[in-house]
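Asks: Build me a structure from this.
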Amino acid sequence: MSAEDAYHKIRIVPATKPSGCPIDHDFTPFDANYLRDPYPQLEKLNVEQPIFYAEKLGYLVVTRMEHVLEVFKQPEIFSSENVQDPIFPVCDRAADILHANDYDPIAVMSNRQQPDHGRIRKYTREGFSGRRMKILEPYIRQRSHELIDQMLGRGGPAEFVSSFAHPLPGQIIFRFIGFPEAHDEQLIHWTSNRLAFTWGNPSANEQVDIAQNMLRYWRYCREFVAQLREEPKDDFTSELLAAHAANPDDLKYREVESIVYGLSFAGHEIVSNFIGNMLLNLLPNRDNWNAIRANPTTITNALEEVLRFDSPQTSWRRVALVDTSIGGIEIPAGTQIFLSLGAANHEAGEFEAPSTFDIYRENVRKHVSFGHGIHFCLGARLARLEAKIALEVLAERLPSLRLSADQQLLFSSNMTFRGPAELFVEWDD
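Replies: Numbering: from 1, shown residues only. Take a look at the predicted model:
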C-alpha cells in the first residue's frame with residue numbers, strides 16, 4: 001500500500017496559502033464560542049466575508065451556498081482525498097502505532113477519487129437497498145423501545161446521549177454490517193473517539209489511545225471479513241463479498257475490508273449527533289413537540305429542518321488539485337478548503353429567516369448537510385430512517401418528554417461534527 005492510497009494519510013502536507021483574498025487571523029472552529037453555537041458567526045461571515053483564508057486553521061473558508069455547490073460539483077478540480085486525514089500533525093508515538101505492518105486500510109469512498117470512486121460506489125450503493133432498509137426497520141423500532149424501557153427503568157432525569165442517541169445508531173450500523181450483537185460494547189469503545197483524531201486537535205496521549213483503538217478495530221474488521229468469506233450471511237458485508245467473488249478485478253478484497261472499516265464510523269457518530277440535535281431543537285418549543293405527537297406526518301419535514309438548522313455535520317473538506325478560482329478568488333493547487341455547510345444552510349438568500357427553527361419550512365430540503373454530487377452521503381437514507389423511527393417512538397412513549405432545566409451543554413471539540421456530548425431529559429411518571 002502506498003501512502004497516497006492510505007485511508008488516513010497521517011503526514012500533514014504544508015498548506016498552500018492563496019494570495020489576493022481576505023485573511024482572517026482569528027477564525028477557528030475550535031474557538032469555545034464557535035463550538036457552543038457557530039451559527040451567529042457563520043451567518044455574519046456568509047454576508048460580510050464569504051470567502052477568506054483562516055490563518056490559524058490553514059484553510060480557505062467558503063461559506064456561500066453557490067460556492068459550496070460549485071466545489072462539490074467539480075471533483076476533478078476539488079478533490080475529497082483529504083477528508084479522512086488528521087487536521088493537525090500526529091505525534092510520533094501514535095504514528096508508530098499506525099505504521100504497523102498489518103494496518104493498511106485503503107481509501108474507498110469519501111476520500112477515493114474518480115474513476116475508482118464510482119466503481120466502488122456502485123457496489124456499496126446496492127447494499128443500501130430498499131430491501132435492506134425493510135429488514136432493518138423492525139430492528140430499529142425494537143431497539144428504540146428497548147432503550148426507552150431501560151431509561152424508564154432507571155428513572156429520570158436521564159442522560160439521553162449515552163442512554164439512547166449514542167447506542168442506537170451504533171447497534172444499527174453494526175447489524176447492517178453484520179457484526180455480532182455480543183461484540184457491540186467493545187466495538188463502540190473502539191470506534192467512539194476517532195472523530196477527535198481526524199477532525200479534532202487531541203493531545204499526544206489521546207492520539208496514542210485513539211491510534212491503538214483504530215489498529216484493534218482494523219484487525220477485528222479483517223478477521224470478521226475473512227470469517228464471512230467462509231460463512232456468508234444476509235448482511236451488507238456478505239453482499240460485498242459476493243460482489244467481490246463475482247467481480248474480483250472490479251471490487252478488490254482489500255476494498256471490501258476497508259469499506260467495512262470506514263462504514264461504522266460514518267454510520268454511527270453522525271447519526272448520534274443527528275438524534276441528539278433532534279431533541280435539542282424540538283423540545284424547547286412545546287408547540288413543535290405537540291404537533292409531532294398529534295400529526296406524525298410532520299416528522300419528515302421537522303427532521304429536515306433539524307438537518308438544516310443544526311446539522312450534525314457543519315463542514316467538509318476539499319483540496320484544490322489545480323490552479324483555479326472560487327468567487328473571483330485565485331486558488332493555487334494544494335489549497336486546503338473548508339466548506340462551511342452550516343453557513344450555507346443559514347444563508348438568508350436561500351432560506352427565509354434562517355436563524356428561526358421552523359418545522360414547516362417549505363424549501364428545507366435545499367440544505368447541504370449530506371453533501372452534494374458524486375460524494376453525496378451514502379447513508380443518508382438510513383440516517384433519516386433511524387431518526388424518523390426514533391422520533392416516532394419517543395413521541396409515543398414519552399409524550400411529556402422535556403429538556404432538564406439549567407444544564408450546561410458541551411459539544412465535542414472538532415471542526416466538522418456537532419452534537420451535544422450530554423443531554424439531560426425528564427418526563428412525568
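Asks: any idea how far residue 239 is from residue 131?
Replies: 10 Å (Cβ to Cβ, to the nearest Å). To be clear about C-beta, it is placed using only N, CA and C from the backbone, and glycine gets the same treatment.
Asks: Ok, residue 16 next?
Replies: 41 Å.
Asks: Of these two, give the one with the bigger neighbour count.
Replies: For residue 16 versus residue 239, neighbours defined as other Cβ atoms under 10 Å are more numerous around residue 239 (20 against 15).
Asks: my hunch is that the more buried one is in a helix, does that hold up?
Replies: Yes - assessed by DSSP: H, G, I helix; E, B strand; the rest coil, residue 239 belongs to a helix.
Asks: just for the stretch 51-200 of the chain, where's the confidence low?
Replies: By pLDDT under 70, the stretch 51-200 of the chain contains no weakly predicted segment.
Asks: Strands of that one, start to end?
Replies: Counting by DSSP state E, counting those that start in this stretch, one finds strands in the stretch 51-200 of the chain at the ranges 51-54, 59-62, 78-79, 158-159.
Asks: Which stretch among those is buried most, on average?
Replies: Mean neighbour count, computed with mean count of other Cβ atoms under 10 Å, is highest for strand 59-62 among the strands of the stretch 51-200 of the chain, reaching a mean of 26.
Asks: Any idea how far the helix ranked longest in the chain is from the middle of the chain?
Replies: If you go by DSSP state H, the chain has its longest helix at helix 204-230. Relative to the centre of its chain, helix 204-230 is centred 20 Å away, using Cα atoms, centre = their mean, to the nearest Å.
Asks: Repeat that for stretch 50-63.
Replies: Put simply, stretch 50-63 sits 21 Å off its chain's centre (Cα atoms, centre = their mean).
Asks: Can you tell me what sits against that stretch?
Replies: Under the criterion Cβ atoms under 8 Å, 6 or more residues apart in numbering, residues 15, 17-18, 21-29, 42, 45-46, 49, 64, 67-68, 71, 87, 317, 326-327, 329, 331, 335-340, 343-344, 347, 415 lie in contact with stretch 50-63.
Asks: quick one: which of those residues sit in helices?
Replies: Judged by DSSP H, those include 42, 45, 46, 67, 68, 71, 343, 344 as members of helices.
Asks: Please convert the strands of the stretch 51-200 of the chain to TSV, extending it with distance to residue 229.
Replies: Output for the strands of the stretch 51-200 of the chain, formatted as TSV (distance: least, Cβ to Cβ, whole Å):
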stretch	distance to residue 229
strand 51-54	46
strand 59-62	41
strand 78-79	32
strand 158-159	40
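Asks: now for these, which one comes closest to residue 386?
Replies: Residue 386 lies closest, by Cβ to Cβ, to one member of those: strand 158-159, at 19.4 Å.
Asks: Direction included, what does that closest one pair against?
Replies: strand 424-426 (antiparallel) (DSSP bridges).
Asks: per-residue confidence averaged over the strand it pairs with?
Replies: Averaging pLDDT along strand 424-426 yields 97.
Asks: three-state assignment of the residue positioned nearest the centre of the chain?
Replies: With distances taken as Cα atoms, centre = their mean, the chain has residue 270 as the residue nearest its mean C-alpha position (3.7 Å). Assigned with three-state DSSP, residue 270 falls in the helix class.
Asks: Quick check: closest non-adjacent residue to it.
Replies: Spatial nearest neighbour of residue 270, chain neighbours left out: residue 312 (5.0 Å); criterion: Cβ to Cβ, 6 or more residues apart in numbering.
Asks: Kindly report the same for residue 150.
Replies: residue 163 (6.9 Å).
Asks: Check residue 266 too.
Replies: Nearest residue to residue 266 in three dimensions, chain neighbours excluded: residue 379, at 6.1 Å (Cβ to Cβ, 6+ apart).
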